[in-house]
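[1] Show me the folded form of this:
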Amino acid sequence: MANDSVKAAFEKQVVLLPVDIIVPQREITPGHRSGDFYRQLTASLKHVGLIEPLVVYPRGPGDYLLLDGHMRLEILKSMGIKEVKCLLATDDEAYTYNRHVNYIPAVAQHLMLLEALKHGLTEERIAAALDVSLDSIRAKRDLLNGICSEVVPILADKQLSPQVFSILRKMKPIRQIEAAEHMAAGGTYTVPFAKALLAVTKPEMLEEHAAADKKLQATSIAARSMLEEENEFLLKDLKSVEESYGTDVLMLTVACGYLDRLLKNAKVERYLDRHHTDILSTLKTMLADGGVRTAPPQSVAG
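    I've put the predicted structure just below:
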């Protein structure tokens with residue numbers, strides 16, 4: 001493998017460019033404009049301003065191809081902004097910037113909110129910047145109130161609804177840990193599953209206010225109903241996988257065969273080794289893993 005130094009994906013300096021010389025690669029549709037993300041991004045740009053610069057590729061004098069930031073550019077134009085901060089890319093592809101899609105887990109949102117409040121931002125300003133209700137901000141602020149400290153690292157990086165923590169809060173600490181471990185073991189972090197765990201919890205393992213609520217008493221009928229509902233969701237997911245498994249395996253096998261032939265081309269391999277070492281390493285690892293499993297997933301008894 002070559003020992004060439006890694007080439008930077010963009011220039012170090014942030015430049016200020018007129019918006020009318022930036023050429024987008026895709027159109028922002030009415031569907032995008034009516035979505036929650038577009039609305040929240042608009043509110044953030046109005047109250048906080050542009051935090052992350054756009055990424056553009058200079059194709060020539062007065063001609064910059066937009067690689068990342070299409071919604072931001074559209075909103076800034078609608079706000080009458082004439083110039084915008086940009087990073088200059090050294091290649092005309094957006095893979096480097098959109099390689100991973102990162103969704104912020106509920107616990108991380110809670111910690112970020114506490115940090116912002118610690119540095120003097122008010123709940124009202126944060127709510128306005130994100131275009132959400134003040135109650136929503138306060139709910140995220142108090143997300144871990146009443147949650148056992150041992151539960152936090154188990155669920156810290158998991159994508160789950162804040163309502164799951166409201167359900168766990170009704171259990172005593174030792175039961176909270178057990179419930180979180182059940183979720184992690186099964187890879188299921190849904191609200192119905194959390195409710196099912198709550199329903200089968202013994203009254204003595206519930207907090208007093210939850211145990212006193214007759215609606216939360218774990219009768220065998222209610223527990224079985226909730227567990228059957230969650231099992232039905234799992235069976236539907238499994239059925240969907242079974243229906244597409246054959247096609248997916250065929251497509252993957254064809255793709256692996258193509259990649260194998262492609263990497264046998266010395267010129268292609270040298271190019272990837274020089275310019276995209278991480279991609280080449282990933283492809284070789286994938287091809288060296290021994291192919292694709294051909295046995296379909298096993299059915300689960302209802």
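
[2] shaky segments in the protein?
    Scanning the chain with the threshold set as pLDDT under 70 gives 1-10, 93-103, 209-232, 235-239, 242, 289-302.

[3] and if we set it to 90?
    1-14, 25-55, 57, 59-63, 67-69, 87-140, 156-162, 182-193, 195-302 (pLDDT under 90).

[4] That one: helices as residue ranges?
    For the chain, the helices defined by DSSP state H occupy 30-33, 36-47, 70-78, 106-118, 123-130, 134-141, 151-155, 162-168, 173-186, 191-199, 208-212, 220-263, 266-275, 277-288.

[5] correct me, but residue 286 touches residue 255?
    No: Residue 286 is beyond contact range of residue 255, at 9.7 Å (criterion: Cβ atoms under 8 Å). Any C-beta I mention is one placed from the backbone N, CA and C, and that applies to glycine too.

[6] Please report how far residue 182 lies from residue 202.
    Distance, residue 182 to residue 202, by Cβ to Cβ, to the nearest Å: 15 Å.

[7] who has more neighbours, these two?
    Set residue 182 next to residue 202 and count neighbours by other Cβ atoms under 10 Å: residue 182 wins out with 14 against 10.

[8] so how far is residue 47 from the nearest residue to that one once chain neighbours are set aside?
    Spatial nearest neighbour of residue 182, excluding adjacent residues (Cβ to Cβ, 6 or more residues apart in numbering): residue 197 at 6.1 Å. Distance, residue 197 to residue 47, by Cβ to Cβ: 40 Å.

[9] higher neighbour count, the two?
    Taking other Cβ under 10 Å, residue 197 and residue 47 do not tie; residue 197 has more neighbours (25 against 14).

[10] so who does the more buried one touch?
    167, 179, 182-183 (Cβ atoms under 8 Å, 6 or more residues apart in numbering).

[11] of the helices of the chain, which approaches residue 17 most closely?
    helix 70-78 (10.5 Å; Cβ to Cβ).
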